[in-house]
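Participant: Need coordinates for the below:
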Amino acid sequence: MILVPELKTIIILVPRTGSGSLRRAIAARYPRSILLYRHMEADGVPAGYDRWQKVGIVRQPVERLWSLYKFLRTFAGDHDSAYVEAMRKSVAMPFDEWIVENRVPFTTPYDSAGYGRFWPEYTVRHPMAENRKSQFMYLRPDLGTDIMQFDDLDAVSRRFDIELPQHNRTDDTSAPELSAAAQDYCERVFAWDFAATMVARLPKLTAAFRAAGAALARGGHMPAIGDGAPAPSSRHYDRDGYCDNPARGY
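Facilitator: From the prediction side, this is the model:
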């Protein structure tokens, strides 16, 4: 959570939505800005500042979780060693199993080693595992948060007059196919997330199907939709992400 006095704005930093790049760019552009919490939700805005505009970024949920999963597989950096070990152990299982079974929170102020230490900058109101936490809980549109799209980071750059280099980017490997159980789980837990990101992808989806229809009208074959992949069913969120695999890894 970043307080930006110059803009009278609160920025909510959802994990794996370009939050590392965003916080660095905001700090460089707005010297009075304060990184109060790393990943506090919108319902944790301090008293008084709740009158400022809240802004956050939403990302297609399976793509976000796949990005986090890859990130944690090689997790390191300037963190407590017990926390690093806990994060790496949390992803010591296949991705579709991790989506359903993981119970380890990514963001929490509490000590992973059990020494009673406390890191206030990592405080959140809802310290849940990311695979169980809809982005609704971070962004809280019902509290007036202005939600921007990870699929349109150029709009984020323009809004804040910043450049967004890619920090903490993972590789572009596509997510493996989800099991039926994992798909059903995602449909249930991340229904809001899919709806929130589908809005941004509808123009591309519509254009793809129009192109397919035009090809059929000309007597041709149905073309592939979205990076050479066949049109997915509504249940396949793993590789295509509603027909538009942007292959962004961060």
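Participant: sec struct for Glu63, please.
Facilitator: helix (DSSP: H, G, I helix; E, B strand; the rest coil).
Participant: just checking, it touches Thr173?
Facilitator: No. Judged on C-beta atoms under 8 Å, Glu63 makes no contact with Thr173 at a distance of 11.8 Å. (Glycine included, C-beta is placed from N, CA and C.)
Participant: More neighbours: which of those two?
Facilitator: Taking other C-beta atoms under 10 Å, Glu63 and Thr173 do not tie; Glu63 has more neighbours (25 against 10).
Participant: Look at the more buried one and report its pLDDT.
Facilitator: Looking at Glu63, its pLDDT stands at 96.
Participant: any idea how far it is from Glu163?
Facilitator: 23 Å (C-beta to C-beta, to the nearest Å).
Participant: cool, and Lys133?
Facilitator: From Lys133 to Glu163 the distance is 30 Å (C-beta to C-beta).
Participant: ok, now Thr9?
Facilitator: Counting by C-beta to C-beta, the gap from Thr9 to Glu163 is 18 Å.
Participant: And the two? Which one has more around it.
Facilitator: Thr9 (20 against 10).
Participant: and Leu153, helix, strand or coil?
Facilitator: helix.
Participant: residues contacting it?
Facilitator: 18, 57, 164 (C-beta atoms under 8 Å, 6 or more residues apart in numbering).
Participant: Which pLDDT value belongs to it?
Facilitator: Leu153 is assigned 95 on the pLDDT scale.
Participant: Assess the claim that Val124 and Thr108 are in contact.
Facilitator: Yes. With contact defined as C-beta under 8 Å, Val124 counts as touching Thr108 (7.0 Å).
Participant: what distance separates the helix or strand containing Ala82 from the middle of the whole chain?
Facilitator: Secondary structure assignment for Ala82, by DSSP states H and E: helix 81-90. Relative to the centre of its chain, helix 81-90 is centred 21 Å away, using C-alpha atoms, centre = their mean, to the nearest Å.
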